[in-house]
Each structure stands twice: as structure tokens, then as C-alpha cells.
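K.L.:
my questions concern the predicted model and sequence given below.
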Amino acid sequence: APLSAGGTVTVTNSGVVDLNAKLTSAGTVHFDDTTTGSISLGADIETTDASSAITVDEAPISLVADVSLTTNDGNVTLDEILDDAADSDRTLTIAAGTGAVVVDDNIGVNGGLALNELDIQSAGDVHFTGANATVDVNSLTIGSATAVDADVEFDAAVNVAGPVDINTATLTLDAALTTTAGGTLTVTNSDIADLNAKITAAGSVHFDDATTGSISLGADIQTTDPGSEITVDEAPITLVADVSLTTNDGNVTLDEVLDDGASRTLTLTAGGGNILVDDNFGADGTEPAALVIESAADVHFTAAATIDVDALTIGSVSPIANDVEFDAAANVDGPVDIDTNTLTLDAPLTTIAGGTVTVTNSGVAGLNAKITSAGTVQFDDATTGSISLNADIETTDAGSAITVDEAPITMIDTITLTTNNGAITLDEILDD
């Protein structure tokens, strides 16, 4: 039968505590055994006085029903949590208001029986603490009722055979997060998401904050199911390591990308997916070492997406299937190498520090803005590529050449090709 206590509830059990009816306590609920005790949890536990906690020191909890732990802004501290059944069919719901939620042992069993769902509806802080605090569930939701006030922190691996949805101020990921069975990852962070371990998601990865959130990216992100995307709506990304974003033919959509001052490299691999960058990439004076786009169907830097990097490589593994388009200025303190079907240059492309420009285009290169290169400019396609020339090309270092191997040039306007004592080699030239 239900138990209601006007004070605190303290249980020291060396064997099994069978909780088959609701426990409601005004004060703290504390299971303090640290030896052989365990808890079979088949009913809810609630504390009603402000800040009254629910604490389980060491006893593993086996869920034998869908249950909830609820406090009135009190902390919830748990140890190991297991599913009792042959199927992963139990759900644990935690509502702590502004209280902290701490789990310091595994939830579910890695490679074994996972919980069906862990739903942390509200908390001031959520911490899966230490190397033992692995999470193995079929669904993980944190901040489902209200965003977590402070931080959600993972110290051990998270394996979810389904969706993950986190709504928080800050996120600290210090161990790998993996989803399977089509599981998506959605993060809404109003402050910093510190990503220090790899994210591997079967479904799409989406950072959807459009207010004050940002991302400190120190590890790779990968989606594995065909077409699953990586999307960052508005949060600026600061690179704090050399990292890669990889999809299996899924789109990659980014906003602002910055460097932490240590010359980082970002590698993007989208297969048959599109890549869109719609804010600046790098900043003058703190340029990333390199942006490398290994593969994509289409690459588009929008009108807000200025580029400031030390090296720019597009199509390094396979040529871009459709178009590479620049709507904003590209400033590269080194080489530019683009391998694509078509190229659309609608804003100036400038290299310094001896940087060369090499373009391999099997379709039309539409040059509608000036190219100014310290090093040689070469269009090296020898198959079906052509050039629609609507702006000037200039090389500034002594002896840097302008070379067009075989692509016919169609003149769209009156233009000039200028070198500083460098050779100019052209193939066929036509008028529009």
C-alpha cells in the first residue's frame, strides 16, 4: 500500500527492497546501504518539501514497471539502474525541478538489456559521473518539460537504440555518444555545447538553437544511415581540434565556423549530400588551417559566408557532382584547389602567401568576380570543361602564370588577364 511520511525516510537494506506502491515523503528519501542491498522499483517515489532529495547511495535499482522519481527542487542521486524484463520495456521519468540529477553508475547494460526510455523532464543540472556511468537505453530525453538550467554532462559512453533529445543551457560531452536503429540527435543549447568526444548517429544530428547557443567542437560528428543530415541552425562553431563531419549522402548545413587560434582543420565529407555554409568561415587574423571538402553533390557558400582560411580544398576525394558556388568573398592565405562539375564565382577570390588557384571543372566555370592570386592560376581540365569569363584574373607574385590547359573561354565582358612577369597560356577563346 502507498506510504506517506511527514518527515524523512531512510532505508538500510542488505537484501532486496520491493517497492510496489508509491512512496511520498515530505522530507528526504535515502537508501543508504553500501553493501549488498538492491531495490526492485515498481512504483513512484516523490518528495514534496522544497529541496528534499531522493538519494540511493549504492543499491542497484531494477525497474519492474514504468516509474517516476519526483522532487520539489530537490536533488536526485542514483547508482546503477537496470531493466528487469526480457525485453527493454521499462521507462524511468525524473522530474527534479531545479534540483541536480546525478547518476554515478550504468543505466542499462552495454551489450545487454537496455532501458526502454530515460526521460529527465526537469533539473538544475544533470551529470552522468565517472567512467561507470554509461547510458544504454532505447530513448533518451533530457529537458522535456523545461530546459536544464545549467549543464548536462556525460563522462561515460552513451548508446541509444533510438532518439536522443537534449534541451539545456550547456552540454558537456566527454565520452562517445552513439545512436542506432535510426536514432536522431537533437540538441537545443542556449549556451555552449562542449563536444569533446565523437557523435555517431544513425539518424540526423541537429543543433536547433536560434538564440545564444554556441558549439565548441573538439571531436568528429558522423551520421551513418543514408541521407541522415548534420544541421547547425544558427550556433557558431569554434574549432578546438582538427575535426571531421561525415554523412552517408546526407546534407551538411552550417552557420558560422571559427578557429580557437590554434590553426585547426575542418574536413567535410557528404558523399551525395549537399554542403551549405551560410555565415563566415574563419576570420581575418584567426584563420583555420584548412577547410577540406572531400565529397558532396553541391557546395554553396551563401552571401554571408565569407571565407578566411590558410588552405581551401574542395573535391579532394571525388569531384563535386554539381556546383561549387561562392556568393561571398574568399580570402585564402595559401593554396586553393577545386575539383567540380561546375563552378560559380560570384564574389572575389583572393590568395596571398604564394597561394595558387587550381580548378578542375568538367562543366562550366562561371567566373563573375575577380580572381587575384599570389601564385599561379591554372584551369587544368582536359575533357569537357569550359570557362565563362566575366571578370579579370590577376597573379601578383613575380613569375606566377595564368594557364588554361584545354578549356575554351567564352568572353562575357571586356576583361583583362594580368601577371607580374608570369606566362599566360590559353586555349580557344570565343565571344558570347
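P.N.:
Yep, that arrived. Numbers count the residues shown, from 1 in each chain.

K.L.:
from here on, contacts and neighbour counts on C-alpha atoms
P.N.:
Noted.

K.L.:
okay, and for this protein, where does confidence drop off?
P.N.:
Within the chain, the segments meeting pLDDT under 70 span 1-6.

K.L.:
switch to 80 and redo it
P.N.:
1-6, 85-88, 111 (pLDDT under 80).

K.L.:
against residue 265, how distant is the most centrally placed residue in it?
P.N.:
When the chain is reduced to its mean C-alpha position, the closest residue under C-alpha atoms, centre = their mean turns out to be residue 221, at 5.4 Å. Computed as C-alpha to C-alpha, to the nearest Å, the residue 221 to residue 265 distance reads 14 Å.

K.L.:
report the contact partners of residue 71.
P.N.:
Taking C-alpha atoms under 8 Å, 6 or more residues apart in numbering, we find residue 71 in contact with 46-54, 95-97, 99.

K.L.:
and the furthest pair within those?
P.N.:
Comparing every pair within these by C-alpha to C-alpha identifies 49 and 95 as the most remote, at 14.1 Å.

K.L.:
just want to know which of the two has more residues nearby.
P.N.:
Taking other C-alpha atoms under 10 Å, residue 49 and residue 95 do not tie; residue 95 has more neighbours (27 against 17).

K.L.:
quick one, what contacts that one?
P.N.:
The contact partners of residue 95, by C-alpha under 8 Å, 6+ apart, come to 68-71, 120-123.

K.L.:
who's in contact with stretch 54-61?
P.N.:
28-41, 46-47, 69, 71, 74-82.

K.L.:
now which of these would you call buried?
P.N.:
By neighbour count, with 16 or more other C-alpha atoms under 10 Å, the contacts of stretch 54-61 hold 28-33, 37-41, 46-47, 69, 71, 74-82 as buried.

K.L.:
hang on, the earlier thing: wait, doesn't the residue nearest to the centre of the chain sit right on residue 202?
P.N.:
No - look at residue 221 against residue 202 with C-alpha atoms under 8 Å: they stay out of range, at 11.2 Å.

K.L.:
return the distance of residue 263 relative to residue 308.
P.N.:
Where residue 308 is concerned, residue 263 sits at a distance of 12 Å (C-alpha to C-alpha).

K.L.:
anything in contact with each of the two?
P.N.:
Taking C-alpha under 8 Å, 6+ apart as the contact definition, residue 263 and residue 308 share the neighbouring residues 287-288.

K.L.:
these two: who's more crowded?
P.N.:
Between residue 263 and residue 308, counting by other C-alpha under 10 Å, residue 308 is the more crowded of the two (27 against 18).

K.L.:
OK, contacts around that one?
P.N.:
Residues in contact with residue 308 (C-alpha under 8 Å, 6+ apart) are 280-284, 287-288, 330-333.

K.L.:
for the residue lying closest to residue 287 once chain neighbours are set aside, give its distance to residue 172.
P.N.:
Excluding its sequence neighbours, the residue lying closest to residue 287 (C-alpha to C-alpha, 6 or more residues apart in numbering) is residue 309, at 4.7 Å. Taking C-alpha to C-alpha as the measure, residue 309 falls 28 Å from residue 172.

K.L.:
mind checking which of those two has more residues around it?
P.N.:
For residue 309 and residue 172, the more surrounded residue by other C-alpha under 10 Å is residue 309, and the numbers stand at 30 against 18.

K.L.:
my read is that the more buried one contacts residue 292, right?
P.N.:
No - taking contacts as C-alpha under 8 Å, residue 309 lies outside contact range of residue 292: 10.5 Å.

K.L.:
does residue 68 have beta-bridge partners, and which?
P.N.:
When bridges are assigned using DSSP bridges, the partners listed for residue 68 are residue 93.

K.L.:
and it, how many neighbours?
P.N.:
By the criterion of other C-alpha under 10 Å, residue 68 has 19 neighbours.
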